[in-house]
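**Student:** here's a sequence, model it:
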Amino acid sequence: MRTVGRMSQNMKVLVADRFEQSGIDGLTNVGCDVSYQPDLKDAALAEVIRETRADVLVVRGTPVTAEMLEGCVLSLVVRAGAGYNTVDVGAASRQGIYVSNCPGQNAIAVAELAFGLMLALDRRIPDNVGDLKAGRWNKKEYSRARGLFGRTLGLIGYGNIGQEMAKRAHGFGMRTIVWSRRFATDAATAVGATSRQTDLAGVPVQIAASPQAIAERADILSVHLALTAATHGFVDGSILERLKPGAYVINTARAELVDAAALERAVRERGVRVSVDAFANEPATATGAFFDAIVQLPNVYGTHHIGGSTDQAQDAIATETVRVIATYKHTGKVPNVVNLAKETPATHMLIVRHRDRPGVLAHVFDRLRSGLINVQETENVVFEGADAAVARINLDQAPSDALLQAIRAGSGDILDLHVIAI
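**Tutor:** Numbering: from 1, shown residues only. As a prediction, this is how the structure comes out:
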């Protein structure tokens, strides 16, 4: 209750990463007390979280560890970006701290870079530029290119970014086939490699039965999965070995999604051409020394993990971050929350129809406590006129008949109650 009381007055927000001025102004305008310290890391960040007694922490790439979340009053961590793998979500959940993100706000920016990398591979633009700067003219060599029109783009993952990719591929006159976990249980996908169409993004694409089926048909394979325990190393030899010789692979998602050894074999043995925007060993700072074996190979281009780094994308992310925090401040609800249970662990629901009077639910909860029954979730809905209400209380076990009778007999304002299994 102490935190809620402070939230209604002047919520304290610690921004511990680079953040748009428009976002800082937006947070101030909705009544937040903003501390902007973008260079905080590790132990220094943990100390400032405690010293400022911040209610909300905003980060981009800065890791948020379990140690930072202990002994603080944080109630919300906002990852100002699409992913949230840099936040220890498990530790946050154990502390009852919401974790939220800003999905889809940089999707266009990432898709734009992916297409830029695709064109760069096809027309060998970096090599063109390098030779010209070195004083070498070689039109004969660089006139050789396949072109994108009529080619098949394979997308592994079909969320916000994948859908933006499909829109752009349609504009380039390309065919698009996709695989996504959202389609994995579709019976139609078991029929063949491209069994049916969807127009989820407003353009027609074919759904593939498996990532391997996409690799067999794609001229260009682009990876757009979220990084989770289940997708770590997902794009492995079983997929990459099915690519056509000379196919293109684009990864603007996360380095850990792709088996590095299998990708290197595909480059060396099958002439696969690769563009990568994310690396497993990126420097922790914005500048620094860097080495990754994959970018030393011929026919491989790399960029500095800049997929979402356009002015447009950062403004959109800042706006969404402000919306998340303002909604939480004013309603107590968190948009885009990622760490609430997908399904309630409760086994039974107690439904109590009651007069809307002080102490009725307190009596119910007290009796449940005496019966060693835990309340998992509660919803109380008031009828028109505010004379009566109905409470739906999810429980971890069924109350006994004797306990139900004690609840009913203990308050004259209880109109009816019953239990259902859930």
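**Student:** now tell me what touches stretch 363-377 from outside.
**Tutor:** Residues from elsewhere that reach stretch 363-377 (C-beta atoms under 8 Å, 6 or more residues apart in numbering): 344-346, 350, 352, 391, 393-397, 399-400, 403, 406-407, 410-411, 414. (Each C-beta comes from the backbone N, C-alpha and C, glycine too.)
**Student:** at 6 Å instead, please
**Tutor:** Residues outside stretch 363-377 that contact it (C-beta atoms under 6 Å, 6 or more residues apart in numbering): 344, 346, 352, 393-397, 403, 406-407, 410-411.
**Student:** show me which positions of that stretch end up buried.
**Tutor:** H363, V364, F365, R367, L368, G371, I373, Q376 (16 or more other C-beta atoms under 10 Å).
**Student:** where helices are concerned, which of these count?
**Tutor:** H363, V364, F365, R367, L368 (DSSP state H).
**Student:** most widely separated two among the residues you listed?
**Tutor:** Maximum pairwise distance among these (C-beta to C-beta): 9.8 Å, between H363 and L368.
**Student:** low pLDDT regions in the stretch 51-200 of the chain?
**Tutor:** 185-197 (pLDDT under 70).
**Student:** again, only this time at 80
**Tutor:** 184-200 (pLDDT under 80).
**Student:** does E112 count as helix, strand or coil?
**Tutor:** helix (DSSP: H, G, I helix; E, B strand; the rest coil).
**Student:** run a quick neighbour tally on it.
**Tutor:** By other C-beta atoms under 10 Å, 18 other residues sit near E112.
**Student:** quick one, helices of the stretch 101-250 of the chain?
**Tutor:** 107-123, 125-133, 139-142, 160-171, 211-217, 237-240 (DSSP state H, counting those that start in this stretch).
**Student:** what does the fourth one contact?
**Tutor:** By that I understand helix 160-171. 104, 107-108, 110-111, 115, 153, 155, 176, 201, 203, 205, 224.
**Student:** V258 is in contact with D236, isn't it?
**Tutor:** No - taking contacts as C-beta atoms under 6 Å, V258 lies outside contact range of D236: 8.0 Å.
**Student:** and C102, what does it touch?
**Tutor:** Here C102 is in contact with A80, I317, E320 (criterion: C-beta under 6 Å, 6+ apart).
**Student:** more neighbours, V258 and D236?
**Tutor:** Neighbour count, other C-beta under 10 Å: between V258 and D236, V258 has more, with 28 against 15.
**Student:** distance of the more buried one relative to R265?
**Tutor:** V258 sits 12 Å away from R265, going by C-beta to C-beta, to the nearest Å.
**Student:** following the chain onward from the biggest helix by length in the chain, which element is next?
**Tutor:** Longest helix in the chain by number of residues (criterion: DSSP H): helix 311-331. Following helix 311-331 in sequence order, the next helix or strand is strand 348-355 (DSSP states H and E).
**Student:** and the most centrally placed residue in the chain, what element?
**Tutor:** Residue closest to the mean C-alpha point of the chain, counted by C-alpha atoms, centre = their mean, is G83 at 3.7 Å. Under DSSP H and E, no helix or strand contains G83.
**Student:** tell me the phi and psi of it?
**Tutor:** phi -90, psi -180 (degrees, to the nearest 10).
**Student:** distance check, it against L121.
**Tutor:** 25 Å.
**Student:** so which of the contacts of stretch 363-377 sit within helices?
**Tutor:** Short answer: the contacts of stretch 363-377 in helices (DSSP H) are L403, A406, I407.
**Student:** residues in contact with the second one?
**Tutor:** With contacts defined as C-beta under 6 Å, 6+ apart, the neighbours of A406 are R367.
**Student:** one more: the first one?
**Tutor:** L403 makes contact with G371, according to C-beta under 6 Å, 6+ apart.
**Student:** measure it to E377 for me?
**Tutor:** Taken as C-beta to C-beta, the span from L403 to E377 is 19 Å.
**Student:** ok, L340 next?
**Tutor:** Using C-beta to C-beta, L340 is found at 10 Å from E377.
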